[in-house]
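In: Could you work out the structure for the sequence below:
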Amino acid sequence: MKGGHGNQSQHYAGVAFDVGQTLSSSQRNRLWNSANDSGVWAYVEPIRLTPTWVHFDKRFGKPACSTGGFPTIRRGSLSNYVLIAQDDLNTLGFRTGGLDGIFGGATQNAVIAYQRSRGLSADGIVGCNTWRSLQENVVGTGATSTTIN
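Out: Okay, the predicted model is just below:
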């Protein structure tokens with residue numbers, strides 16, 4: 001989950017495939033066209049961005065950022081995205097009271113504390129700027145006492 005393609009790593013929360021690394025350029029183009037034409041995938045990465053493989057994915061929910069990524073989550077949210085935020089927050093030392101996918105009071109308090117520590121608007125909502133900050137800050141941290149694989 002952590003790492004990936006910079007800010008775009010967020011699109012891996014869903015179903016994502018990076019395939020075709022051993023194919024010829026023409027075979028990759030056929031695979032890209034097949035994925036694009038299928039109508040199944042929410043996003044098929046332009047070939048110019050991934051010239052040696054084909055990336056396609058299906059995300060869940062409307063992205064918080066106009067450029068894509070995870071959806072906005074807030075108190076009351078229940079989803080795999082809450083788990084990702086909880087994992088990020090705990091990894092960075094902001095305790096959410098567990099990893100349960102439920103955005104309750106402890107998670108909201110952890111979000112607010114994190115936002116304050118990074119100079120973000122401390123509204124307790126994980127939107128575009130908070131997601132981007134969390135993902136950038138958690139990359140490269142490695143396993144911690146709270147990491148679940």
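
In: dump the residue contacts of Ser25.
Out: Neighbour list for Ser25: empty [criterion: Cβ atoms under 8 Å, 6 or more residues apart in numbering]. To be clear about C-beta, it is placed using only N, CA and C from the backbone, and glycine gets the same treatment.

In: Which pLDDT value goes with it?
Out: Predicted confidence (pLDDT) at Ser25: the value is 93.

In: and if you look at the one 4 residues further on?
Out: Asn29 carries a pLDDT value of 94.

In: do Ser38 as well
Out: The model's pLDDT for Ser38 equals 85.

In: Against Phe56, how distant is it?
Out: 9 Å (Cβ to Cβ, to the nearest Å).

In: Between the two, point out the one with more neighbours.
Out: For Ser38 versus Phe56, neighbours defined as other Cβ atoms under 10 Å are more numerous around Phe56 (22 against 10).

In: Mind checking what secondary structure the more buried one has?
Out: strand (DSSP: H, G, I helix; E, B strand; the rest coil).

In: Who are the packing partners of the strand or helix carrying Asn137?
Out: Assigned by DSSP states H and E, Asn137 belongs to helix 128-138. The contact analysis (3 or more Cβ pairs under 8 Å, 6 or more residues apart in numbering; DSSP states H and E) places helix 128-138 against strand 63-65, strand 68-71, helix 80-91, helix 105-117.

In: In the longest one, which residues are buried?
Out: This points to helix 105-117. Neighbour-count burial for helix 105-117, with 16 or more other Cβ atoms under 10 Å as criterion, is recorded at 106-108, 110-115.

In: what does that helix rub up against?
Out: Taking Cβ under 8 Å, 6+ apart as the rule, helix 105-117 contacts 74-75, 82, 85-86, 89-90, 92, 94-98, 120-126, 130, 133-134.
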